[in-house]
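S.K.: need a 3D model of the following:
(chains A and B)
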2 protein chains.
Amino acid sequence: MQNWSQLFATRADRMVASEIRELLKVLDQPEMISFAGGIPDPALFPAEEFKAAYQELFEQDDHQAALQYSVSEGYKPLRKWISGRMALQGIACSEDNILITSGAQQALDYLGKLFLSAGDTALVGWPTYLGALQAFNAYEPAYQRLDAHGNRSVKDYQAKAKSSGGTVKFAYASTDFANPTGQTLTLHERKGILDLAEQLDIAVIEDAPYQCLRFEGKALPSLLELDIARSGDIEATRTIYCGSFSKTLSPGLRLGWVCAATPVIHQMVLIKQAADLNSSTINQMVMTKVAESCFDEHVEKICVVYKERRDHMIAALASHMPEGVTWSRPEGGMFIWVELPENMDAAAILKTSLEVANVAFVPGHAFFADRSGRNCMRLNFTSCGPDKIETGISRLGRLLADLISSGSVT
Amino acid sequence: MQNWSQLFATRADRMVASEIRELLKVLDQPEMISFAGGIPDPALFPAEEFKAAYQELFEQDDHQAALQYSVSEGYKPLRKWISGRMALQGIACSEDNILITSGAQQALDYLGKLFLSAGDTALVGWPTYLGALQAFNAYEPAYQRLDAHGNRSVKDYQAKAKSSGGTVKFAYASTDFANPTGQTLTLHERKGILDLAEQLDIAVIEDAPYQCLRFEGKALPSLLELDIARSGDIEATRTIYCGSFSKTLSPGLRLGWVCAATPVIHQMVLIKQAADLNSSTINQMVMTKVAESCFDEHVEKICVVYKERRDHMIAALASHMPEGVTWSRPEGGMFIWVELPENMDAAAILKTSLEVANVAFVPGHAFFADRSGRNCMRLNFTSCGPDKIETGISRLGRLLADLISSGSVT
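M.R.: Modelled structure (predicted):
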């Protein structure tokens, strides 16, 4: 056997198998109830629409183009549809501001590639999306905590970045119903992030996969919309918006997008060309058809179901969680964030929970760049129906109550 | 407008727009005949089989899984089918040795990511596949010329790599009907590459997208097969094989694979997880059906057509090229490599050719890490029918004859 590790790049040290993923390999056991995934309910996919779209496509005269290579920036009608939607959300742009990616995850990888030399600094939430940390880690950055309230000086950010061997390159934020907390940034926080980015003269990455999944309350302007309002035009903005079809229509086609000023799009097209040439042509053509035919109705439909599940989970938490446990109440998205008493360790509890309660979740420390947040857990409410939610939360509540009363987990 | 370039990572300097691609934007003009692409003929895609496979899929009970996320290593039945095929080619392996990627291009990007820290050295052909240089460039390597004949000492490679700030990490080679030359490595050269890799203790990346497109002659053992013969078992090999469905069934689904020892596969699964989670689930399921139903027959069918086109192009070159021009005679694949008299510059000729002769090709320097090879050109023979091949080569021959006789291009 080769000694591979001596041949691997230094970045491989930061790309290690997750112990949580190992633990969660037991998810297919029959009694298991999982709140661990971050996935939509497959029963809600618009399968009939996708079926019809693939069929229609093969009846078109130009169907062979669907099986061929295509341009790296993406299928023009899809980019047009997306730019039209962005405009409806207050973001005036054209298809030239859109790059199609294989999910928003690929956009994060490419943005890490575009901005981060080893030792550069990314500002991220504390906690933040685990997949963003994984994507950025490949480019060996340092992380600092993004503070949206102006409590840290620009000099402080810069000095710390310098001591890590680079400069601050971007602030990364998920604006609505963030993974993992379910929280939505206030207008004040959004403006605070843009203020900070201006002062530091850095880019802003806005990760917005859940934005359409709003169950209630009024939508706030996106960072990119606020940036356009300040800058006058998308071409003058510093914000790079990452969207996705994975949480609305389907993750199985692997399609997302980036919306940004054209110099960023041009550079990302070069990255995509070198990295995978183009996202699946046939899937882009099919997604265009399905988005045109049913996007709004479908999103409305899944929001009704997901809202009910959120309500069920909130009610179940209120019924079954012991004293000292608190949780977020998201206005949309897929996740509820639970905080346990400070001396508890959710990673240790997960092991017990999988063995004793048959309930899975993701322990909070996975979402912190410094692996803090050990007393937190992320619960997904979109992939189980009401009965499983009730049963699972009741089992988890009993386990936590037992642990707290026995003092056995610290 | 932001000053983006100051925010970009240092690698962005090596990811610049290709001037050739700019020139080739005129390809859709009606009179243009293009030998520039590296693409299959879309008229030959097994569209009926793909149509049937997408339809069948949606009639299955588990069709919703096709629209869901899936595991990063890839759809197990597809990995099984591939490992079965690899075994037929003399490479004993299991599905655990297979990672599904979004085309072989993505495999090259991930291998760059896995092995190359900035300043490390990759050994490549002179010329080599342009897309490999583009993929690796993102990781800021140095390049050295791979010599398969043992004419350079190990110390020489190592000293030069050290002076570039790293070590030699891998040798990259396309074994059969290589892009751009159409050449196939001899058994002696294959063994020479493995010998060198052993002496340097580096990995070997075998890029084999054209391997199945053999029109004549006897197939030679792949580098991975030879490596297994030396090492005893795939787990002890240093060779990483990259395969693709793009040149056989369809590039539009974006599916390829890596076949290698499991420690490499495991690390690449982590890379894929962080970079795009998984390749399109539905496309993997569909490709499995189509590969199972018609792979061999379909490849046989396209080889007949492509062989005819190669023969037409060879005949046309013989008829129309002036004295002093030579070309390769590939036993398969998609490309013929043309060498002009040494004082000619194919990039300059391309400009004239697009304006005067309405014929497109790719100038040779694009395929050299040091931008040499200016008197060479790559011609693709798979995307035009016989008439266009005859007309295009005749026009190109006339242009070259004119230029040579007038001495106007040097």
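S.K.: return the helix or strand in chain A with minimum mean pLDDT.
M.R.: helix A:19-23 (a mean of 74; mean pLDDT, DSSP states H and E).
S.K.: now do the strands in the stretch 301-410 of chain A.
M.R.: A:326-327, A:335-339, A:359-360, A:362-363, A:376-380 (DSSP state E, counting those that start in this stretch).
S.K.: can you list the strands that the last one pairs with?
M.R.: Each strand paired with strand A:376-380, and its direction, by DSSP bridges: strand A:335-339 (antiparallel), strand A:362-363 (antiparallel).
S.K.: low-confidence ranges in the stretch 301-410 of chain A?
M.R.: Scanning the stretch 301-410 of chain A with the threshold set as pLDDT under 70 gives A:408-410.
S.K.: give me the neighbour count for the single nearest residue of it relative to chain B.
M.R.: When distances are taken as C-beta to the nearest C-beta, the stretch 301-410 of chain A approaches chain B most closely through A:S383, which lies 10.0 Å from it. All C-beta spots, glycine's among them, are computed from the backbone N, C-alpha and C. Counted with other C-beta atoms under 10 Å in any protein chain shown, the neighbours of A:S383 add up to 21.
S.K.: doesn't A:I39 make contact with it?
M.R.: Yes. Between A:S383 and A:I39 there is a contact at 5.6 Å, judged by C-beta atoms under 8 Å.
S.K.: on that earlier part again, looking at the strands of the stretch 301-410 of chain A, which is nearest to A:V204?
M.R.: Taking C-beta to C-beta as the measure, these were each checked against A:V204, and strand A:335-339 came out nearest at 22.4 Å.
S.K.: domain parsing of chain A, as residue ranges.
M.R.: Listed by automatic domain parsing, the domain ranges of chain A are A:4-46+A:296-404, A:68-293.
S.K.: starting at the chain centroid, how far to the longest one?
M.R.: Using C-alpha atoms, centre = their mean, to the nearest Å, the distance from the centre of domain A:68-293 to the centre of the chain it belongs to is 10 Å.
S.K.: what about it, how long is it end to end?
M.R.: Chord length of domain A:68-293, first to last residue, is 24 Å (C-alpha to C-alpha, to the nearest Å).
S.K.: run the angle between the strand or helix carrying A:N283 and strand A:335-339 for me.
M.R.: Mapping A:N283 onto the secondary structure by DSSP states H and E places it in helix A:281-320. Interaxial angle of helix A:281-320 relative to strand A:335-339 (axes from the mean of the first three to the mean of the last three C-alpha atoms, to 10 degrees): 40 degrees.
S.K.: from the contact counts, what lies against helix A:281-320?
M.R.: Helix A:281-320 makes packing contacts with helix A:47-59, helix A:76-88, strand A:335-339, helix A:386-406, helix B:281-320 when contacts are defined by 3 or more C-beta pairs under 8 Å, 6 or more residues apart in numbering or on different chains; DSSP states H and E.
S.K.: would you turn these into TSV with distance to A:Q144?
M.R.: Formatted as TSV, those follow (distance: least, C-beta to C-beta, whole Å):
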stretch	distance to A:Q144
helix A:47-59	42
helix A:76-88	30
strand A:335-339	22
helix A:386-406	33
helix B:281-320	36
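S.K.: indicate which one of those is closest to B:K76.
M.R.: Nearest of the helices and strands packed on helix A:281-320 to B:K76, taken as C-beta to C-beta: helix B:281-320 at 9.4 Å.
S.K.: doesn't A:V204 belong to a strand?
M.R.: Yes. Secondary structure of A:V204, determined by DSSP: H, G, I helix; E, B strand; the rest coil: located in a strand.
S.K.: among the domains of chain A, which is the most enclosed?
M.R.: Comparing those by mean neighbour count (mean count of other C-beta atoms under 10 Å in any protein chain shown), domain A:68-293 comes out on top with a mean of 22.
S.K.: done for today, thanks.
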